[in-house]
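> Quick one, structure for this:
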Amino acid sequence: MVVAAALFSLLALVAAIVTDLHDRDFPQAIGAQSRLGLDFRESEFGDREAFGALAQMDADLHLGLVRIAPDLAGDSDERIFVALNDGSLPATFRWFSGDGTGRVVSRDRLANSSPDGSYLVTGDSARLGELQSRLSSAGVRVTRTDASPTNSLWFAMREGGFAAAVLAAFALIAALALFWLSMKARSRALRVLGGSPTLRIQAQDLGGFAGALLISATAVTLTAAGYVSLSHGRLYVGIFVKALAGLEVAVIAVSLVVALAMSASAWPSATMLATRQPAVRSLRSAAVVLQALTFLLVVGAAGPAWSAYRSSSATAAEMAQWKNLADQVAIRFGMSDEELTSLEPRIGNLLKDGESAGAVAFSYTFSAEEWRGDFGDYSAVTFVNQRWLDLMTASAPPDALTPVAYEHVSGMLSREFGETFTLWSRSQRAGGEILSGFGYLRPADGFRLPVGRAGGGGTLQFLDDVLVAVMPSLHLTIDDRNLTSMVSTSNIVFTSVATTQALLERNGLSAGALGDQGIKGELSVVYVAEEGILRAQYMAYLVWLMNLALAALVVAFAVATTISALITALLHAKRDFPLRLSGRSWARILQMRVAKELLAGAALVALVALSERPEAIGPLLVAALFGVFVVPLSHLCAANWCFAGVSRRRI
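Coordinates of the predicted model:
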């Protein structure tokens with residue numbers, strides 16, 4: 001019951017994380033009931049029109065819509081919630097986790113944001129279907145998700161870290177079932193000898209096992225629910241208990257099925273007593289299978305746990321890079337192709353003006369896979385300007401990028417990109433001549449440079465094997481038509497809203513100037529880092545949860561190995577006792593049984609290694625060394641215990 005309580009405490013931790021994830025998706029403090037994902041790219045609305053239409057629909061239907069956005073002004077990496085209309089929402093609120101403070105801000109925050117994104121419904125959701133119909137009829141893609149702890153739980157279980165924790169719980173509960181049956185083996189045989197029906201024996205033993213688990217589960221649930229109520233508020237108790245109860249019911253159900261299967265494989269019989277055999281002999285096969293399975297889980301989970309740890313470091317680095325782009329904006333074009341073509345010369349002048357002010361950053365990356373080319377030692381080639389490098393290496397070591405001689409890459413660049421730059425050229429120069437005027441760099445070992453994917457709409461890739469080509473000047477290298485295309489795909493970004501608005505004013509591209517010229521479309525300024533920051537925030541939990549799951553698997557393997565060794569020692573007690581009494585060392589007595597298990601373990605490690613990536617081999621070998629340590633130690637302890645028991649006539 002103590003071990004089961006520890007197991008259910010692990011599940012309570014998983015349930016708390018699920019509750020936190022649910023609260024992050026649907027903040028309970030502001031009454032979030034549903035989430036809408038809106039995509040206006042194919043709609044009839046421009047950016048300003050979209051926000052105006054949404055605000056009007058929200059007011060008409062009393063939905064209490066709030067837009068989810070990252071806090072670009074602060075250093076906390078937290079999200080903020082932008083109310084489309086004034087209402088009764090609090091200005092600040094606490095999360096379930098207690099870390100940081102959620103903020104609800106006014107609609108002014110969206111002045112330079114895209115209308116695409118996620119919105120929460122915090123008011124009356126009865127007419128939410130009407131909003132969906134209105135938006136869909138206007139060409140807006142709408143994705144609706146309703147708040148449900150069950151959905152949050154299933155979503156979490158699809159993630160590797162959470163699934164590993166639950167799998168560890170299953171493995172540990174199976175080890176407990178084997179322990180329970182091994183302790184009951186002799187009494188089961190005695191009850192058969194006394195005439196008790198075998199089905200009644202099975203029901204009694206499984207009922208006792210289930211009762212012990214239910215008592216532990218109930219105690220943990222009540223204790224954990226009380227803690228959640230006191231430390232987080234009664235608002236979250238219902239969600240937490242639903243998540244925990246679902247996990248506990250699943251684990252207990254699986255444990256009973258496993259216990260029934262192992263009990264059936266060790267059907268109680270009086271023959272063991274008549275032949276003076278240890279009652280646990282029938283559990284030997286189940287013990288070996290469980291030991292092998294838990295060892296497989298341990299060595300199989302070692303690589304993913306290490307990868308999760310490394311991924312956490314990479315995610316933290318990526319978050320820092322996204323924060324470097326927090327004040328960077330892109331220009332979105334809400335106009336026809338004909339209007340955009342007429343503005344290309346002015347957009348070229350805008351970029352010339354922005355470059356001279358140091359306010360333009362550029363990255364355009366070709367991957368070898370998508371380009372279908374041969375880049376030699378590199379998986380991608382990115383063309384950048386110095387401003388991009390300044391942004392992306394602001395928090396990197398001074399030697400994060402190392403020079404590459406043009407002579408080493410000239411052949412590849414001329415072959416792959418010579419014609420492209422000939423077509424892009426403003427001065428009609430040959431592509432090879434243009435490429436020879438660039439500087440070339442590559443990331444140093446351990447550094448992944450964020451680069452913009454060609455035509456990626458602001459998507460970043462973090463690469464450590466990319467060739468970096470640094471352009472001296474965007475405007476002097478690329479013509480206006482192609483520069484306009486790169487601006488439209490957010491491969492060219494500008495520093496700060498105020499600076500970009502001033503550039504638009506000076507070059508006759510402001511809303512007023514365009515209207516005076518009869519151009520109906522508009523150019524809007526939007527932040528580029530919003531979605532990237534929101535995507536990176538979710539990875540915070542997975543690392544330590546994977547490590548916790550690995551620890552639980554290690555405990556399950558240790559329990560299964562100890563029980564297997566104890567059964568083996570009982571079966572060999574008649575042989576081991578006289579050998580040890582005659583002075584033979586435990587090493588010689590146990591060498592054959594230990595050698596067999598170590599050889600079987602080596603075969604399992606080799607089997608797992610065949611499916612692992614090279615970087616996971618190291619953690620796998622560390623886990624295998626743990627098995628090399630546990631197996632001999634468990635056999636030594638079990639044999640010693642049996643020797644002492646025989647000496648005292650207890651076995």
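> For the rest of this, base every contact and every neighbour count on C-alpha atoms.
Fine.
> how much space between R442 and V605?
37 Å (CA to CA, to the nearest Å).
> next SSE after the helix or strand of the chain with the lowest mean pLDDT?
Sorted by mean pLDDT, DSSP states H and E, the helices and strands of the chain end with helix 530-537, the least confident at a mean of 61. Per DSSP states H and E, the first helix or strand lying C-terminal to helix 530-537 is helix 542-571.
> how far out from the middle of the chain is that next one?
In terms of CA atoms, centre = their mean, to the nearest Å, the centre of helix 542-571 is set 26 Å apart from its chain centre.
> tell me the contacts of L620?
V299, G300, A302, G303, V605, A609 (CA atoms under 8 Å, 6 or more residues apart in numbering).
> correction: T422
Q428, R429, A430, G431.
> contacting residues around stretch 508-528?
So stretch 508-528 is contacted by 47, 112-114, 325-336, 339, 346, 458, 490, 493, 497, 500-501, 504-505 (CA under 8 Å, 6+ apart).
> filter these to the buried ones?
47, 112-114, 325-334, 339, 346, 458, 490, 493, 497, 500-501, 504 (16 or more other CA atoms under 10 Å).
> out of the residues you listed, which are inside helices?
D47, E339, R346, V497, T500, Q501, L504 (DSSP state H).
> any weak-confidence spans in this structure?
Along the chain, segments meeting pLDDT under 70 span 72-78, 98-100, 155-166, 168, 265-282, 305, 307-323, 457-458, 530-549, 651.
> thinking again about what came up before, for A287, state which of the ones in helices among the buried ones among the contacts of stretch 508-528 is nearest.
Minimum distance to A287 across those is 64.6 Å, recorded for D47 (CA to CA).
> For A558, give me its contacts.
V630.
> what do you get for L199?
Contacts of L199 (CA under 8 Å, 6+ apart): none.
> Now name the helix or strand holding it.
helix 198-231.
> Strands of the stretch 51-200 of the chain, start to end?
Under the criterion DSSP state E, counting those that start in this stretch, the stretch 51-200 of the chain contains strands at 65-70, 79-83, 92-94, 101-105, 117-121, 141-146.
> which residues are in contact with the third one?
Identification of contacts with strand 92-94 by CA under 8 Å, 6+ apart yields A29, I30, G100, T101, G102, R103, V104.
> got the angle for the next helix or strand after the helix holding L199 vs helix 198-231?
Counting by DSSP H and E, the element after helix 198-231 in chain order, helix or strand, is helix 237-265. If you take axes from the mean of the first three to the mean of the last three CA atoms, to 10 degrees, helix 237-265 sits at 160 degrees to helix 198-231.
> Show me what counts as buried in helix 237-265.
237, 239-245, 247-248, 251-252, 254-256, 258-260, 262-263.
> Tell me how far G211 lies from L579.
43 Å.
> got it, and A69?
73 Å.
> Of these two, which one has the most company?
It is A69, of A69 and L579, that has more neighbours when counted by other CA atoms under 10 Å, with 21 against 15.
> Pull the contacting residues for A330.
Contacts of A330 (CA under 8 Å, 6+ apart): V487, S490, I492, V493, F494, V525, V526, Y527, V528.
> wait, doesn't the second one sit right on V360?
Going back to what we said before, that points to S490. No. The criterion here is CA atoms under 8 Å, and S490 misses it with V360 at 11.3 Å.
> picking up where we left off before, which of the contacts of A330 are buried, as a PyMOL select command?
Only the buried members of these enter the following PyMOL selection, criterion being 16+ other CA under 10 Å:
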select buried, resi 487+490+492+493+494+525+526+527+528
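> now, which of the contacts of A330 sits nearest I17?
Of these, the one sitting nearest to I17 (CA to CA) turns out to be V528, at 29.5 Å.
> phi, psi of that closest one?
Main-chain torsions, V528, degrees, to the nearest 10: phi -100, psi -20.
> Now D377. Nearest residue, chain neighbours left out?
Distances taken as CA to CA, 6 or more residues apart in numbering place D465 nearest to D377, at 7.6 Å, with adjacent residues excluded.
> ok, that neighbour - how many residues close by?
D465, neighbours per other CA under 10 Å, totals 18.
> likewise the one 10 residues further on?
Other residues near H475 number 20, with proximity taken as other CA under 10 Å.
> and it, what does it touch?
Counted by CA under 8 Å, 6+ apart, H475 has contacts G348, L351, K352, E355, L483.
> Check which helix or strand it maps to.
Per DSSP H and E: helix 474-477 holds H475.
> what does E416 give?
helix 406-424.
> Farthest pair within the contacts of A330?
Between any two of the contacts of A330 (CA to CA), the greatest distance is 13.4 Å, for V487 and Y527.
> circling back to that earlier point, out of the contacts of strand 92-94, which are buried?
A29, I30, G102, R103, V104.
> my guess is the second one meets P90, correct?
Yes. Checked against CA under 8 Å, the pair I30 and P90 is within contact range at 7.3 Å.
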